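K.L.:
Sequence plus predicted model, see below.
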Amino acid sequence: METRKEAELHECRLSVKDFVKIQNLFLPGEAGEASDPVSMGRAEFVERVCSVVGRGSQEQYGQLFDNVDVMREGQVDWEKLTTFLLLELSEKDEHARAATVTSWKPLRPLPAGHREAVQQVAYLSSSDRYLSISKEGLLGVWTDNLTLLKTHRVANDSVKPKDLWVTGMVVLSNVHKIAVSFTSKEICFYDLLSKQEFSCQYKVQGLKHTPISLDYWFNPHNANEAVLSFGDVGGQVSGICFRTAQMFLFERPSAGVDQDAVIVVNWAELAQGRHKCCYTVQHQAHGQVWVRRVRFLGNLEAFMSCSTCSKNSLILAWREKEAKTLKVTPFHIPKGTNDLDYHTRLNLIATAGIDSKVCLWNPYVNSKPVGVLRGHMTSVVAVQFVLGKNQLISFSKDKVLRVWDVHHQLCIQRIAGAFPKTLPECQTLLFYHEERGRLLLTFNSQVTLLEALQEVGKRVASHKQAVTCVLYNPLFKQVISSDTGSTVICWLMDTGQKVKQFTQCHGNAEISAMALDATLTRLFTGGTDGFVKVWDFNGHCHHKLNAGRGQSVEISQILVLKRTVLVLGWDRMITVFRLNTFSQVFVQPSEWKGGVQHRDDILCAAFLPPQTLVTGSYDGQITVWNNSTENALCKLHWDDQRGLRSSSDSKLLKPQTALTSSRFSLPASLMFPGAPAGVEEPECSFAVARLFFLESRKNMAAAGGADLVSCGGSGTVRFWNTTQRCLLAEFVAHRDCGSIIMTVDKSGRYLITADMDGGVKVWEIQDYCLHRSEVVNHQARSCWPVFALTWTVLALTYLPGAAVGIFGQEVHWDLDGTGHPPNGSGAPEENQQNELVHRKEAGSAKPSIDLSQGQGYQKAENIPEVPAVKIDPDCMESSPWSSCILGMGYQERWSLRKSDNKPLLWKETQSSVGTFSLLHMEELDAVVDLHKPDFVTNPQQYFRENWDCSTPTPPPLPVTSETVQAAFDVQSLFPKDLLERDEWAGPLHGAQEARMNRVGRCGPGRKPKAAAAVKDK
């Protein structure tokens, strides 16, 4: 029987189809009649839902009814049920996000250029820039990828440059300004949009103490309402409340003042209310202790500040409407606090205690904290909430970073030893940009970055970056995939297990094309650095082909033939490498004898033995070549009347920033969608992205059937006859999706197409275009849609049927050794061996099916193609408990504990990898009846005639009781030549001499000659 917890989670195991069945139970009886919503009692609900769903016990559905009926009304309807499920799933999702541990990249320092301690780091959302300012007034401007763009020294006419000392900075995002505080007891406002960079626009002077902490808040519903709060070294917290922030912060003294002049505002005038556009509030509840941090909480209308004193360590000063007096609420923390932060949704305040504790406070309860996070060994210097995950980041003086789960008040991550070593007295600043997952830590003048790895949620990721190419190697029964991070991974097809991984294959350049040779033992990879590398499966690079001639180019396809290697993608001429020149590691390209026959860049090619080669270009032209002579035979185009013009120098061929992050083996220009109706289509809509020969129909080409398939721009698939040089059929496979790619299985039965939006379709073309017709056929064939996965996922599915799994998942699958699906998979028998490896790329969301075409030093034969299948979304989902490391570890230990007494079976323990992976090991069959040979049953027919007589007595053993008459001596034991060699060997060491003398004295016989000679000497 299931436990109570399992019964409560039974609704989480129901599928969408189950909920549709339950919803139908609550529909009104007659169609079209307006009636009240249907409600059910407990007994009726349990009986009807249990019968219609068909699984689960009545106890589980009774528990579900009790959870929904929280008011104990005895009735539930569909609205109550859905409300409960949405709330429950929302809470579950929130807890799952909170339990997610962030994975960080290695810490790396940033060249900031600061000479003094960094006082503040901020982010400009309007320009996507980062700002850092140091004590000497040097302002650093960083790009969105944290590259130092420029540095600027802030100007302040009140003090000399050598006496300038910056204490804080804050960004006024709604008015495009920054406010900087100085030890000269003034705050300057610099305009970010002025002609002169960071020109000072306002200056507040006459402060009583030096401000050291600044904060800014504005009303998101009314940007004119804003509050600038600051705390000083005298323990005073002050606030300037603006009424017309977007028009002007402070009033100009007179109309005759120059527009570019700095407006100087005296603090005494602000306190007296002489400026109608703003007013001030302040309190000094901290006494004379420095105010370490100040914040204004807009939802509470309160100023929050902290100090390093035990009494009044945390102060909440509540602001009343247009009132200058503040109502103060003190919080007492032993030894005080260094930093604080506020979580708006949880309504919690976190304080960084000097006593090494992180306390969580309710703003309305100042008697004691609602939670205390213990774990740091020294004083905590900084805290910051991660709002999206309900987590808290804290950093201590001993350079230990901890990440806390606020809900459970547990430390879920600890990072130590990764931060730079500094002097004991080090000024540390923490800034976490949650949107980008970047944690900036400053240690005096040094700025470091701790960047979070990209998260993929609960889904399993095969690659850390976008997958670009996929191949299948039938020799090793492995799937080979590459990504934009220049990483190649080999996976076992039978289990989905990762067996090899090669990183930085092309440095920082992404891999855009891959191919296998005919022996299936060499892997060709093409990168955006313009090189093609030849690898073995031990990760050794044998050759480096200079395809781009020293320039970075876009390689879209590598075609490996019997005597040549063709590289395509960026030029109007075919780049060819002769295999007879592969004597050196670095190989230069040879000259293609056919010259330039295309008017635009060649993107793809296909080969049909013995000598037919076709190439497709960006403008839609297809050229047929004789591969032996390298001469062009004919040219095909879907519109023979259309004039072809070159666009090699067009801007469309230059990849844009938004598209290059997730490209596949085609140029980025192919990502542009087709033009709308009535508008002239760009040339990218005619591009030929893929070419495939229908090898099973090569004998039908003479009779008029199609033997070539092409696809590309505008989502169109075309069937050609290369013998009669004509277009037979075309249809739009994917509408309004731009360019597409495709592959064809070996038998020519299935055509698989994929678009940039992630859609994958399987077309049945076995009986399509077998004969030529008078007009071009525009009728599409039947197809099955296939769901697409995330851009880092590599999945294996049946055709058609449910998914097998994701490469890299924790639980390995089993293809039953033959590639057949397990029982009950629902796949038809004729399609059970058809499988698909597919993926969807990042950003542009382009799925690619780049299956092995058997291209090698010679045309590979019998390489199975892998068509596409439909993936059931329900099969791709997994619970957090089954996918987490803790859950998997517990299940493994529990399964081992239960299986301790089971007999060992070879079939269960046989490994699919290793030295003896090809050996077939299984249990020995039980011997039922042992067949004895005839000579055992009838020995008298094969042996002596008197077999029936009694057993003969064995002969007596030889007598060994005689004593040895002669004594054993050295000459009798060793050969003569050995004794003579020993005699001429020279004198022996003392120990050896003594040992030989003892042998000579004790043993019978005479001494060896060598020993005697040494003694006489």
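P.N.:
Noted; the coordinates are in hand.
K.L.:
ok, what's across the strand from residue 719?
P.N.:
Taking DSSP bridges as the rule, residue 719 bridges to residue 709, residue 729.
K.L.:
Let me see the contact set for it.
P.N.:
706, 708-709, 727-730, 768-769, 777 (Cβ atoms under 8 Å, 6 or more residues apart in numbering). In short, each C-beta sits where N, CA and C put it, glycine included.
K.L.:
Among the residues you listed, find the lowest-pLDDT one for me.
P.N.:
The lowest pLDDT within the contacts of residue 719 belongs to residue 777, with 66.
K.L.:
where does the chain have its least confident helix or strand?
P.N.:
Between all helices and strands in the chain, the lowest mean by mean pLDDT, DSSP states H and E belongs to helix 657-660, at a mean of 29.
K.L.:
contacts for the helix or strand immediately after that one in the chain?
P.N.:
Next along the chain after helix 657-660, taking DSSP states H and E as the criterion, comes strand 688-693. For strand 688-693, contacts defined as Cβ under 8 Å, 6+ apart pick out 603-608, 612, 614-618, 620-622, 666, 670, 707-713, 739-744.
K.L.:
low-confidence ranges in the stretch 251-400 of the chain?
P.N.:
Along the stretch 251-400 of the chain, the model assigns pLDDT under 70 to residues 254-259, 322-323.
K.L.:
what about 80?
P.N.:
Scanning the stretch 251-400 of the chain for pLDDT under 80 picks out 252-260, 320-324.
K.L.:
Helices along that one, start to end?
P.N.:
267-271 (DSSP state H, counting those that start in this stretch).
K.L.:
what is residue 179 paired to in the beta sheet?
P.N.:
residue 170, residue 189.
K.L.:
Could you check how far it is from residue 203?
P.N.:
With the distance defined as Cβ to Cβ, to the nearest Å, residue 179 ends up 10 Å from residue 203.
K.L.:
what does residue 530 give?
P.N.:
Separation of residue 530 from residue 203 (Cβ to Cβ): 55 Å.
K.L.:
still on that earlier bit, now list whatever residues contact both of residue 179 and residue 203.
P.N.:
With Cβ under 8 Å, 6+ apart, residue 179 and residue 203 have common neighbours 187-189.
K.L.:
What is the nearest of those to residue 286?
P.N.:
residue 187 (19.4 Å; Cβ to Cβ).
K.L.:
Surely the closest one is in a strand?
P.N.:
Yes. Membership of residue 187 in a strand is supported by DSSP: H, G, I helix; E, B strand; the rest coil.
K.L.:
That one is in contact with residue 180, isn't it?
P.N.:
Yes. The criterion here is Cβ atoms under 8 Å, and residue 187 meets it with residue 180 at 7.1 Å.
K.L.:
out of residue 179 and residue 203, which sits in the busier spot?
P.N.:
Neighbours per residue (other Cβ atoms under 10 Å) separate residue 179 from residue 203, with residue 179 holding more: 23 against 19.
K.L.:
Now for that one: which residues touch it?
P.N.:
169-170, 172, 187-190, 214, 216, 228.
K.L.:
Please apply the same query to residue 176.
P.N.:
126, 191-193.
K.L.:
List the backbone torsions phi and psi for it.
P.N.:
Main-chain torsions, residue 176, degrees, to the nearest 10: phi 60, psi 50.
K.L.:
mind checking how far it is from residue 127?
P.N.:
From residue 176 over to residue 127 the distance is 9 Å, taken as Cβ to Cβ.
K.L.:
shared neighbours of the two, anything?
P.N.:
Each of residue 192 lies in contact with both residue 176 and residue 127 under the rule Cβ under 8 Å, 6+ apart.
K.L.:
who does residue 303 bridge with?
P.N.:
Residues in beta-bridge contact with residue 303 (DSSP bridges): residue 296, residue 317.
K.L.:
my read: it touches residue 319, true?
P.N.:
Yes. Judged on Cβ under 8 Å, residue 303 makes contact with residue 319 at a distance of 6.8 Å.
K.L.:
Looking at the two, which has the bigger crowd around it?
P.N.:
Neighbour count, other Cβ under 10 Å: between residue 303 and residue 319, residue 303 has more, with 27 against 20.
K.L.:
so where's the stretch 401-550 of the chain uncertain?
P.N.:
If you take pLDDT under 80 as the line, the stretch 401-550 of the chain has these spans: 423-424, 454-460.
K.L.:
ok, which stretches of it are strands?
P.N.:
Secondary structure of the stretch 401-550 of the chain (DSSP state E, counting those that start in this stretch): strands located at 410-416, 428-433, 438-443, 446-451, 467-473, 478-483, 488-492, 498-502, 511-516, 523-527, 531-535, 541-546.
K.L.:
who does the next helix or strand after the last one touch, helix- and strand-wise?
P.N.:
Of the helices and strands lying after strand 541-546 in sequence (DSSP H and E), the nearest is strand 557-560. Taking 3 or more Cβ pairs under 8 Å, 6 or more residues apart in numbering; DSSP states H and E as contact, the helices and strands that strand 557-560 lies on are strand 511-516, strand 523-527, strand 564-568, strand 602-608.
K.L.:
I'm done for today, thanks for sticking with me.
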